[in-house]
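Q: structure for this input, please:
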Amino acid sequence: MIKKLKAYFLYTAEDKDFVTFSRQLFENAKDSNLRGGEHQKKILVDCSHLSYSKWNIKLLLIVSNRLRSGIGEVHGFYPSRFFIWNTFNSLIISLLKAIFNKDKILARSIGVTELKRLGFSSFKLIYESYKLAKFAQKTFQNKKDLLSFSIEGVVVGDLIYDTYLKWYRKPTVDIHDKRLLMLLIAAHYLFKKFSYLSKIEKYEEVYLTHSVYLVFGIAARVSLKHGASVFITQNTRGLFLQRLSDDHVHQTPRFEGYKQSFSLLDSEEQTAAICLARKKLHERLSGKVDGSISYMRKSAYSFAESGFIDLVEYFPGKPYALIMLHCFFDSPHIYRWMIFEDFYEWVVHCLELLEVNELNVIVKGHPNGLNGNQEVVENLKKRFHKANFLSSQINNNDLLRADNIKVALTVYGTMAHEFCYKGVPVINAGDNPHIAYGFSKTPRTVEAFNRAVIDSMAGVGSDIETEEVEQFYYMNYLADKPGYIRCYDEQIEAGFSCVARYREIFDVIDKITLAQLNTEIDRCLEELSDVVKKSDNGHKLPG
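A: This next block holds a predicted model:
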């Protein structure tokens, strides 16, 4: 624990290695006469996570590339610093970081020449934001009003909604809560401050670690409004970079064109793709955590609690529906739409629907949920007595072997393709990466969702094309896509179990070569630019 704290706050030997590497990288750029160019061009980078080795290296490589291409100034800011009012611990952490000055040293080492501070320093703007927020909250009749809430034509309601869930560890939003008022004030304030910064500095490009939650999301959407090219550098589900656009403000991949893109491969490529996907799917379902789901600490198909699952048949002779819970607090609105306001509203609706129709139900907790999830589950248990609540550590393979499960329910989880591959029909409750395919169902309304659940429980329309699942798996996890750099992502990003420290990353980069990486970043940015152009022209987006 002490070692982790020292690494977090103190300037360590590892950090010195990083600064040395950075200095050499930028000196090479100067010696090559590549750092000149149009010095009025500026970029803004997110410095929130300077304690993460892999994230720093990636940001350093990106900044070096942009300086070589003619960008003159690099500004940095700390979206995460706006979280200091959330907890006393966060305030202490920010103060300690300021005292030890580690972040400032590291920010300079990645090329940042000026750090922008957007804190709550203007009392006049705070008061104006309070009046606007107070008025807005009074207009909310329901949670959908909050989700559609916008400032100056830019939707920010989903960002406020998800921040409320995460900060306050609440499964759903109370639109009359005074804490919601605080977030509305912050949204107005940050929107104005960031709009002013964008107008003054006129950033060509903005690089963020996220586009979810209040500060990151507002920075992304305001930057788009002011004409900047906005990129997400982390949490991009396997991509080196994701570029946002007016019609795609989410950090998740563009998956609408997967099926069309696969059809453009020649027959030999398709056959090879299906064979590879089949192999990887079997590995995934046997318990291997591959690089594409590295956000999972452990596979749900390898948990120790394995064996016979004892279920209570509350409604004798009736089949079971399986509900796979999401983490209630972890940004539900990462895709384009949901038919329920949040994960809690979804699960309550499902449990009520099944109970009213006297159908058996199994509920499994999320295996990697944030603290506080179990308390929500315990409250659901007290409310719904005729449901089988299982441990989040139950092995999914045992669920797949259980008798008489007619359907599995999720909002947009990976289990949609995993369970369908094993023959269990799945119904999604919102936009999801599988939507281009028909192996799982995605109703568009609550009424259609209800019908789909009841029909599936009766065994209606449960045909599943397993080759479609393999096709999806290839396109989502294995195919090269705009924003993907195979040589980097496979060896560093997907190598989460063995490549984590600076020296290990440097060793990999030495084998790839910096020149190759720079060429790949150029290609990556060009491809993403083409994606946005096609999107702006109304063309079908590539997979």
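Q: what about S462, distance to F419?
A: S462 sits 12 Å away from F419, taking C-beta to C-beta, to the nearest Å as the criterion. Quick note: C-beta positions are derived from backbone N, CA and C, even for glycine.
Q: out of these two, which sits in the more crowded spot?
A: F419 (27 against 15; other C-beta atoms under 10 Å).
Q: what comes up buried for stretch 380-390?
A: Residues of stretch 380-390 classed as buried: L380, F384, A387, N388, F389, L390 (neighbour count, 16 or more other C-beta atoms under 10 Å).
Q: the host helix or strand of the fifth one - what's its average pLDDT?
A: In this case it means F389. Under the criterion of DSSP states H and E, F389 resides in strand 388-390. Strand 388-390 shows a mean pLDDT of 95.
Q: can you list the strands that it pairs with?
A: Partners of strand 388-390 in the sheet, by DSSP bridges, are strand 360-364 (parallel).
Q: quick check: the farthest pair among the buried residues of stretch 380-390?
A: Distances among those were taken as C-beta to C-beta; the most separated pair is F384 and L390, at 13.5 Å.
Q: tell me which stretches of the protein form strands.
A: 42-46, 73-77, 114-116, 150-151, 154-155, 205-208, 229-232, 242-243, 320-324, 360-364, 388-390, 405-409, 426-427 (DSSP state E).
Q: any chance of the ones you listed in CSV, plus distance to S286?
A: Below are the strands of the chain laid out as CSV (distance: least, C-beta to C-beta, whole Å):
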stretch, distance to S286
strand 42-46, 37
strand 73-77, 43
strand 114-116, 47
strand 150-151, 46
strand 154-155, 42
strand 205-208, 36
strand 229-232, 31
strand 242-243, 30
strand 320-324, 19
strand 360-364, 19
strand 388-390, 21
strand 405-409, 19
strand 426-427, 20
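Q: does K225 touch I151 like I think?
A: No. The pair K225 / I151 is not scored as a contact, 10.3 Å apart, by C-beta atoms under 8 Å.
Q: the two - which one has more neighbours?
A: Taking other C-beta under 10 Å, K225 and I151 do not tie; I151 has more neighbours (21 against 16).
Q: and the more buried one, what's its pLDDT?
A: The per-residue pLDDT reported for I151 equals 98.
Q: so where's the protein shaky on pLDDT?
A: Along the chain, segments meeting pLDDT under 70 span 1-8, 28-39, 80-94, 97, 288-299, 301-308, 494-499, 536-543.
Q: which residue is nearest the centroid of it?
A: Geometric centre of the chain, nearest residue: N235, 5.0 Å, by C-alpha atoms, centre = their mean.
Q: ok, that one - contacts?
A: Counting by C-beta atoms under 8 Å, 6 or more residues apart in numbering, N235 makes contact with T209, H210, V212, Q251.
Q: which one of these sits closest to Y161?
A: For these, the nearest to Y161 is V212 (10.7 Å; C-beta to C-beta).
Q: with Q374 as the reference, measure out to the residue nearest to the centre of the chain.
A: Taking C-beta to C-beta, one finds N235 at 25 Å from Q374.
Q: likewise for R451?
A: From R451 to Q374 the distance is 33 Å (C-beta to C-beta).
Q: now F328
A: 10 Å.
Q: in helices only, show me the contacts of N235.
A: Taking DSSP state H, every one of the contacts of N235 sits outside helices.
Q: take those and lay them out in TSV including neighbour count.
A: Below are the contacts of N235 laid out as TSV (neighbours: other C-beta atoms under 10 Å):
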residue	neighbour count
T209	22
H210	23
V212	24
Q251	25
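Q: export those as CSV, with columns for distance to A515.
A: What follows is these, written out as CSV (distance: C-beta to C-beta, whole Å):
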residue, distance to A515
T209, 26
H210, 30
V212, 34
Q251, 29
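Q: between those residues, which is nearest G369?
A: V212 (16.8 Å).
Q: so for that closest one, what's the nearest residue that isn't a sequence neighbour?
A: Excluding its sequence neighbours, the residue lying closest to V212 (C-beta to C-beta, 6 or more residues apart in numbering) is S331, at 4.4 Å.
Q: count the residues that sit near that neighbour.
A: By the criterion of other C-beta under 10 Å, S331 has 21 neighbours.
Q: quick one, what contacts it?
A: S331 makes contact with D162, L165, K166, V212, Y213, according to C-beta under 8 Å, 6+ apart.
Q: and what of H188?
A: The contact partners of H188, taken as C-beta under 8 Å, 6+ apart, are E128, S129, L132, A133, I151.
Q: repeat that with 6 Å
A: S129, L132, A133 (C-beta atoms under 6 Å, 6 or more residues apart in numbering).
Q: list just the nearest of these to F21.
A: Comparing the contacts of H188 against F21 with C-beta to C-beta picks out S129 as the nearest, at 42.2 Å.
Q: right, and the closest one touches A186 too?
A: No. Applying C-beta atoms under 6 Å as the test, S129 and A186 come out as separate, 7.7 Å apart.
Q: from the chain's centroid, how far away is the strand holding F389?
A: Relative to its parent chain, strand 388-390 has a centroid offset of 28 Å by C-alpha atoms, centre = their mean, to the nearest Å.
Q: give me the residues contacting it.
A: By C-beta under 6 Å, 6+ apart, strand 388-390 touches L311, V312, I362, V363, K364, K381.
Q: between the residues you listed, which has the most around it?
A: Most neighbours among the contacts of strand 388-390, by other C-beta under 10 Å: K364, with 23 neighbours.
Q: what about that residue, distance to F419?
A: Remark: distance between K364 and F419 (C-beta to C-beta) = 11 Å.
Q: now I218
A: From I218 to F419 the distance is 36 Å (C-beta to C-beta).
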